[in-house]
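J.: build the 3D model from these lines:
(one chain, ligands or ions: 1)
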Amino acid sequence: MELENKIIVLTGGSSGVGLDLLRRLIGRNTLINLSRSAPPNAEADGSAGFRHIPTDLADPVSVADAIQEIRDSYPDGVDGLINCGAVQFLPQFLAEDFDHSSIATEIAINFTSPAELISGLLDGMLQRPEAFVLNVNSGLGIVPKRESAIYCATKSGLDNLTHGLRAQLADTNVRMQQAFLPLVDTPMTAGRGSGKITSASVADQIIRQIESGKPDLDIGKVKLLRSINRIAPSLANRIMQKGD
Ligand SMILES: NC(=O)c1ccc[n+]([C@@H]2O[C@H](COP(=O)([O-])OP(=O)(O)OC[C@H]3O[C@@H](n4cnc5c(N)ncnc54)[C@H](OP(=O)(O)O)[C@@H]3O)[C@@H](O)[C@H]2O)c1
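T.: Residues are numbered from 1 along each chain as shown. All right, here's what the predicted structure looks like:
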């Protein structure tokens with residue numbers, strides 16, 4: 001699918017990978033961004049066809065309101081949905097200050113809201129000549145690390161959801177796609193990790209993936225991680241527990 005003159009919904013366009021995706025899509029498509037804060041002014045100012053719907057992905061009412069606003073504004077449906085917005089908390093279940101409520105929040109943002117958005121926008125997408133859903137995933141959805149157990153579980157769940165819906169939608173015009181990212185230099189990973197790749201290069205690869213229709217894309221070191229995990233899962237696990 002050529003990403004030109006399409007109507008695309010993007011979550012998390014205010015920062016990191018989402019902001020780089022927004023920069024590549026804005027101006028040549030109708031772009032609807034869902035996040036709490038608006039993307040930096042320079043990105044949005046003067047861009048015809050850009051719209052920011054302030055949305056809290058942790059709040060099901062806010063997500064439902066955003067879906068309704070999109071359905072009302074684009075009754076003939078949208079061409080694409082990119083689920084990019086997410087958080088990564090570092091919950092230590094044994095810690096005295098562990099915040100139990102963070103579990104529900106992290107699951108709502110990373111897993112429930114993508115599922116709700118797909119469900120809420122699907123009948124419109126089915127009306128388009130062709131349409132796509134691109135879920136932004138992580139190497140941590142393949143092999144978890146101990147510091148962010150809930151995050152890893154949400155990404156693993158997102159992978160399962162993508163495969164299940166891909167099977168359900170196999171005979172339709174809607175493609176279910178997924179990009180698995182390695183460590184990327186964004187606010188999410190500020191102050192930790194090494195050997196990060198840029199969000200610009202990730203966004204370039206995701207755009208090419210959407211245009212080519214490739215169902216799943218492993219970016220950078222994720223290719224190697226998936227291979228090791230296939231051959232020697234315990235080694236993959238050891239590598240992830242040592243990493244940062
Ligand atoms: N960075 C990495 O190393 C890495 C690695 C693998 C996968 N990923 C994935 O890549 C994607 C982008 O991550 P990133 O690194 O670019 O993160 P980021 O720079 O921290 O950006 C996160 C985005 O999610 C939005 N968001 C967070 N909480 C939200 C909420 N409650 N409601 C609405 N929007 C919310 C933020 O917008 P507001 O704060 O304005 O709401 C922001 O636009 C995520 O799916 C992440 O899991 C990242």
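J.: state the pLDDT value of the residue minimising distance to the centre of the chain.
T.: Nearest to the geometric centre of the chain sits residue 84, at 2.5 Å (Cα atoms, centre = their mean). At residue 84, the model reports a pLDDT of 98.
J.: my read: it touches residue 12, true?
T.: Yes. Using Cβ atoms under 8 Å, residue 84 is in contact with residue 12, at 4.1 Å. All C-beta spots, glycine's among them, are computed from the backbone N, C-alpha and C.
J.: what do those two both touch?
T.: 18, 136 (Cβ atoms under 8 Å, 6 or more residues apart in numbering).
J.: what's the spacing between residue 191 and residue 131?
T.: 38 Å (Cβ to Cβ, to the nearest Å).
J.: more crowded one of these two?
T.: residue 131 (25 against 5; other Cβ atoms under 10 Å).
J.: relative to the ligand, how far out is the more buried one?
T.: Residue 131 sits 20 Å away from the ligand, taking Cβ to the nearest ligand atom, to the nearest Å as the criterion.
J.: run through the bridge partners of that residue.
T.: Residue 131 forms beta bridges with residue 174, as assigned by DSSP bridges.
J.: can you pull the contacts of it?
T.: Counted by Cβ under 8 Å, 6+ apart, residue 131 has contacts 77, 78, 79, 80, 125, 173, 174, 175.
J.: mind checking pLDDT for it?
T.: pLDDT, residue 131: 98.
J.: again, but for the one 4 residues further on
T.: Reading off the per-residue confidence, residue 135 sits at a pLDDT of 98.
J.: just the CA atoms of the strand or helix carrying it, as CSV, please.
T.: Per DSSP states H and E, residue 135 falls inside strand 131-138. Output in CSV follows, covering the C-alpha atoms of strand 131-138 (Å, rounded to 0.1, in the frame of the first residue of the first chain):
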residue,chain,number,x,y,z
ALA,A,131,-6.3,-1.4,5.0
PHE,A,132,-3.7,-2.3,7.7
VAL,A,133,-3.1,-2.5,11.4
LEU,A,134,0.5,-2.2,12.4
ASN,A,135,1.2,-3.1,16.0
VAL,A,136,4.6,-1.9,17.4
ASN,A,137,6.1,-4.8,19.4
SER,A,138,9.4,-5.5,21.1
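J.: how far off centre is it?
T.: Distance of strand 131-138 from the chain centroid (Cα atoms, centre = their mean, to the nearest Å) equals 6 Å.
J.: what's next to the next helix or strand along the chain from it, contact-wise?
T.: Next helix or strand after strand 131-138 toward the C-terminus (DSSP H and E): helix 149-168. If you take Cβ under 8 Å, 6+ apart as the criterion, helix 149-168 is touched by 83, 86-89, 91, 93, 102-103, 106-107, 110-111, 114-115, 118, 133, 135, 137-138, 140-142, 144-145, 176-178, 215.
J.: need the buried ones from the residues you listed selected in ChimeraX.
T.: Applying 16 or more other Cβ atoms under 10 Å to the contacts of helix 149-168, the buried members can be selected in ChimeraX as follows:
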select :83,86,87,88,89,91,103,106,107,110,111,114,115,118,133,135,137,138,140,141,142,144,145,176,177,178
